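Visitor: could you work out the structure for the sequence below:
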Amino acid sequence: MVGYKISNLIVGLVAVASLFGSNVLGNETPAENNSDWKPAEPLRKELTNEEIDKLICHDVRFGWWTRRGKTPEQLKKMIENELECRRMRMRLSIQHFDDVLRRLPADLAGQAAEYPTMRHVPEALRQEIDAFFAKQQSDDLIAREQRRKEYAAAEAEAKAKAAPKVLNDVTGVSEKHPEEGKETSEKTDETAKETDETTNETSTEGSETPEKSE
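Guide: Here you go, the predicted structure:
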């Protein structure tokens, strides 16, 4: 338990230092950022420090090991650091809840916007929000499956068009290249015709040969 308190205090001190370390004097202007990223506009008015203080718990307690050897001034400073960490966590929770509100329909967002964080939303309204996101996720899965089937069908159709066609058994004409099939058929007909003419000539010559008398 003591180790947990100490680690929590260290994390809080690091968070506070990172929050105020970039502008120690308080009058420095930040350098111009050329990035295209811009923070989203808040949906609700930003809460003041007094309003944030009303949302956090001010009951700060430290174990004996943490208090040991500390002066009253040091303990007071530790309490102030812990409260500042709680304020920071509350602001992060409010920002996260703003992101949730942007994804909700107008009616649900209007009802939920009256509360600072999701933790403060009543149970009934929270169940409606959970049901909305569950349905949205289900619709996304159905749409994704439909797109997958359409892609598979289009891919199968493309493969079928690219595959070689079988020659027609009757005409010998290829469905993919009909001209080549016709040329092949014509060549076959010419060869058969020449064979018939050769056979007829041989038959005629045989009939004209006189029979030898005995």
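Visitor: output the below-cut-off pLDDT ranges for the protein.
Guide: Along the chain, segments meeting pLDDT under 70 span 1-43, 164-214.
Visitor: need the longest helix for it.
Guide: Of all segments of type helix in the chain, defined using DSSP state H, the longest is helix 123-162.
Visitor: can you give the domain ranges for the chain?
Guide: Listed domain ranges for the chain are 43-121, 123-163, 165-198 (source: automatic domain parsing).
Visitor: deepest of those, which one?
Guide: Of all those, domain 43-121 carries the top mean neighbour count, a mean of 13, counting by mean count of other CB atoms under 10 Å. In short, each C-beta sits where N, CA and C put it, glycine included.
Visitor: show me what the longest helix of the chain is packed against.
Guide: With contacts defined as 3 or more CB pairs under 8 Å, 6 or more residues apart in numbering; DSSP states H and E, the packing partners of helix 123-162 are helix 106-112.
Visitor: identify all contacting residues around the helix it packs on.
Guide: Identification of contacts with helix 106-112 by CB atoms under 8 Å, 6 or more residues apart in numbering yields 43, 97, 100-102, 104, 121, 125, 128-129, 132.
Visitor: ok, which pair from those is furthest apart?
Guide: With CB to CB as the measure, no two of these lie farther apart than Leu43 and Glu128, at 18.1 Å.
Visitor: now for the helix or strand where Met88 lies, which elements pack on it?
Guide: Element membership for Met88 (DSSP states H and E) is helix 72-102. For helix 72-102, the packing partners by 3+ CB pairs under 8 Å, 6+ apart come out as helix 2-20, helix 49-55, helix 106-112.
Visitor: apply 7 Å and report the result again.
Guide: Secondary-structure packing of helix 72-102 (3 or more CB pairs under 7 Å, 6 or more residues apart in numbering; DSSP states H and E): helix 2-20, helix 49-55.
Visitor: and the angle from it to helix 123-162?
Guide: Counting by axes from the mean of the first three to the mean of the last three CA atoms, to 10 degrees, helix 72-102 lies at 50 degrees to helix 123-162.
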